[in-house]
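> I'd like to go over a predicted model; first the sequence, then the structure.
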Amino acid sequence: MVSSLPLSQPTSHSFFSKTQLRGFGHGSWRPSFSFCRDSESKVRPIKALVETAPFPLFQPSKVEESSSELEPADPDFYKIGFIRSMRAYGVEFKEGPDGFGVYASKDVEPLRRARVIMEIPLELMLTVRQKLPWMFFPDIIPVGHPIFDIINSTNPETDWHLRLACLLLYALDCQDNFWQLYGDFLPSADECTSLLLATEEELSELQDPNLASTIRNEQRRALEFWEKNWHSGVPLKIKRLARDPQRFMWAVGIAQSRCINMQMRLGALHQGANMLIPYADMLNHSFEPNCFFHWRFKDRMVEVLINAGQRIRKGDEMTVDYMSRQKNDIFMQRYGFSSPVNPWDEIKFSGDARIHLDSFLSVFNISGLPEEYYHNTLLSNEGDTFVDGAVIAAARTLPSWSDGDVPPIPSVEWKAAKDLQNECQEMLAEFPTTSKQDQKLLDSLQDATRTLEAAIKYRLHRKLFIEKVIQALDLYQERLLF
Ligand SMILES: C[S@@+](CC[C@H](N)C(=O)[O-])C[C@H]1O[C@@H](n2cnc3c(N)ncnc32)[C@H](O)[C@@H]1O
């Protein structure tokens with residue numbers, strides 16, 4: 001379902017103008033770019049609270065006033081003729097340690113109800129739906145345009161990233177489309193952490209052959225897609241969208257690392273959709289997020305809300321949970337970053353560890369089922385609501401025992417803990433570098449691509465995790481015996 005109506009950007013948009021943004025980069029980590037700075041040479045945040053007047057692209061057709069005065073069946077549809085704008089409340093967008101991020105510009109007291117901080121209308125998003133009949137929004141591609149056929153040749157359920165990349169490239173090329181402005185806020189190839197953009201050398205820096213091979217397959221797939229659809233015979237309007245495979249890879253990397261997947265309801269239609277949502281895509285990930293997304297179907301917009309009961313201090317980063325319960329390699333694959341405190345990461349041990357799960361958990365004051373994520377305030381540092389993720393992850397990876405298997409004497413468990421430690425040491429010995437060497441390398445990195453930095457961090461995080469498990473097992477033995 002497409003129309004040939006181009007959606008224009010409101011000229012009154014008060015965030016930034018095209019000329020203001022030209023030449024501005026997206027990250028301080030690339031010295032070739034300079035972000036807008038104030039007199040004290042601090043990054044100047046994009047101002048919010050922002051609200052711009054709706055831009056009437058074309059007015060809703062005047063409904064003839066009939067004598068019956070019937071209500072339109074769905075008055076909401078009449079809004080389709082307006083380009084609405086994004087609204088943000090009490091937040092600012094600025095650079096932080098993880099690239100651009102969203103930060104609170106004022107304190108927020110905990111409220112019983114979730115509080116909206118951003119509203120982004122459907123018209124500004126790039127959206128592809130996953131199931132047939134597939135559709136995308138906004139309807140910026142005229143029927144018969146070859147990019148429509150290219151998108152249509154892919155599988156809506158499995159190729160969402162390729163489809164979204166095509167839509168993004170088209171939107172960036174589409175005269176007066178909002179994304180021509182917003183495109184300046186997207187990370188460049190050097191700034192994007194997506195591993196799709198990684199070189200062979202950078203992939204080897206991961207020190208994870210499985211992950212490297214998964215990425216190589218993804219790169220190959222995207223490259224084949226580009227070669228098939230961007231061959232020399234294609235019309236210029238296609239050619240110019242991605243003149244070289246790197247440009248296409250970049251678009252796929254952007255789609256993968258910034259897309260949000262949501263259930264969307266439009267009228268009577270419920271569907272899973274992959275969306276590139278401007279401004280909301282600046283939110284970074286946390287395993288302890290303070291915000292979440294919500295699709296407000298009545299107004300056809302995505303809202304970002306602060307969790308109910310959440311206290312926010314001015315300057316706090318606003319975060320969301322990108323993917324629930326995923327290990328670091330999955331985060332790397334999709335977003336190009338890993339976390340040293342990922343509570344869902346795990347170590348696969350080779351055999352049966354003769355440690356009783358519950359006794360391990362109880363030594364660390366963790367109670368309940370192993371599958372769950374447990375929080376114990378007694379164990380957390382002040383202000384830190386996480387129990388050490390490595391401890392929990394280690395606990396979760398130990399096989400559970402039935403009552404009959406409970407070892408009668410602690411020495412059995414003590415030996416098991418020692419065995420696990422040895423296995424961890426062997427794992428560490430397989431890495432070509434130690435965590436100390438990785439840390440040193442990271443400290444000395446200058447002008448490296450963000451992918452290289454992310455690759456080194458990833459392998460460092462794996463080693464730190466294993467080292468933490470060794471420490472946890474040390475502690476376990478001490479507490480078990482005394
Ligand atoms: C949706 S974007 C978020 C905005 C992004 N920081 C930017 O500069 O535009 C996702 C990207 O942000 C970065 N990112 C988000 N959360 C992160 C985290 N917790 N740690 C490290 N990098 C993170 C990664 O580069 C990821 O691919």
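Happy to help now that I have it.

> near the ligand, which residues of the chain?
98-101, 187, 193, 257-258, 281-282, 284-285, 335-337, 339 (Cβ under 6 Å from any ligand atom). C-beta coordinates here come from the backbone N, C-alpha and C atoms, glycine included.

> The residue in the stretch 51-200 of the chain positioned nearest to the ligand bridge partners, please.
Closest to the ligand within the stretch 51-200 of the chain is Gly99: 2.5 Å, counting by Cβ to the nearest ligand atom. In this entry, Gly99 is beta-bridged to Gly96, by DSSP bridges.

> My guess is it contacts Asn284. True?
Yes: look at Gly99 against Asn284 with Cβ atoms under 8 Å: they come within range, at 7.5 Å.

> residues contacting Phe287?
Contacts here follow Cβ atoms under 8 Å, 6 or more residues apart in numbering; on that basis Phe287 touches Asp321, Ser339, Val341, Asn342, Pro343, Trp344, Phe386, Gly389.

> what's the neighbour count on the closest residue to Leu195 other than its chain neighbours?
Among residues not flanking Leu195 along the chain, Ile215 sits closest, at 4.6 Å (Cβ to Cβ, 6 or more residues apart in numbering). For Ile215, the tally of surrounding residues (other Cβ atoms under 10 Å) stands at 22.

> And Ile215, which helix or strand is it part of?
Using DSSP states H and E, Ile215 sits in helix 209-229.

> again with Ala395
Judged by DSSP H and E, Ala395 forms part of helix 389-397.

> Of all the residues in that helix, which ones are buried?
Counting neighbours by 16 or more other Cβ atoms under 10 Å, one finds that the buried residues in helix 389-397 are Gly389, Ala390, Val391, Ile392, Ala393, Ala394, Ala395, Arg396, Thr397.

> What is the nearest of those to the ligand?
Closest approach to the ligand among the buried residues of helix 389-397 (Cβ to the nearest ligand atom): Gly389, at 13.4 Å.

> isn't that closest one right next to Asp345, touching?
Yes: if you go by Cβ under 8 Å, Gly389 and Asp345 touch, sitting 6.9 Å apart.

> Between the two ends of stretch 191-202, how far is it?
Length of stretch 191-202, first residue to last, Cα to Cα, to the nearest Å: 14 Å.

> just to revisit the earlier point, past the helix holding Ile215, which element shows up next along the chain?
With elements assigned by DSSP H and E, the helix or strand that comes after helix 209-229 is helix 236-239.

> Any idea how far that next one is from the middle of the chain?
Relative to the mean C-alpha coordinate of its chain, helix 236-239 is positioned 30 Å out (Cα atoms, centre = their mean, to the nearest Å).

> For that helix, name the packing helices and strands.
Counting contacts by 3 or more Cβ pairs under 8 Å, 6 or more residues apart in numbering; DSSP states H and E, helix 236-239 is packed against helix 146-152.

> next SSE after the helix it packs on?
Note on helix 146-152: by DSSP H and E, the next helix or strand toward the C-terminus is helix 160-173.

> what's that following helix in contact with?
With Cβ under 8 Å, 6+ apart, helix 160-173 has contacts from 126, 128, 130, 136, 140-141, 147, 150-151, 154, 156, 177-180, 183, 222, 225, 240-242, 247-248, 251-252, 254-256, 259, 274, 276.

> Kindly report the same for stretch 141-151.
Contact with stretch 141-151 is made by 2-4, 128, 136, 163, 166-167, 169-170, 229, 234-235, 237-238, 241, as judged by Cβ under 8 Å, 6+ apart.

> Ends of it, what's the gap?
This stretch, stretch 141-151, spans 11 Å end to end (Cα to Cα).

> Name the residues of it that are buried.
Ile141, His145, Ile147, Phe148, Ile150, Ile151.

> from those residues, which has minimum pLDDT?
Among the buried residues of stretch 141-151, Ile141 carries the lowest pLDDT, at 83.

> Helix, strand, or coil at it?
Of the three states, Ile141 takes coil according to DSSP: H, G, I helix; E, B strand; the rest coil.

> re earlier: the residue nearest to Leu195 and Ala198 touch, don't they?
Yes: here Ile215 reaches Ala198: they are 6.5 Å apart, a contact under Cβ under 8 Å.

> What segments of the protein are strands?
Secondary structure of the chain (DSSP state E): strands located at 55-56, 82-83, 87-88, 91-96, 99-104, 115-121, 126-129, 136-137, 259-266, 269-276, 284-285, 291-296, 301-306, 317-320.

> got a markdown table for those, with mean pLDDT and mean neighbour count too?
Output for the strands of the chain, formatted as a markdown table (pLDDT from 0 to 100; neighbours: other Cβ atoms under 10 Å):
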| stretch | mean pLDDT | mean neighbour count |
| --- | --- | --- |
| strand 55-56 | 36 | 14 |
| strand 82-83 | 62 | 19 |
| strand 87-88 | 92 | 22 |
| strand 91-96 | 95 | 20 |
| strand 99-104 | 96 | 21 |
| strand 115-121 | 94 | 22 |
| strand 126-129 | 89 | 24 |
| strand 136-137 | 70 | 22 |
| strand 259-266 | 89 | 17 |
| strand 269-276 | 89 | 19 |
| strand 284-285 | 98 | 17 |
| strand 291-296 | 96 | 18 |
| strand 301-306 | 96 | 22 |
| strand 317-320 | 98 | 20 |
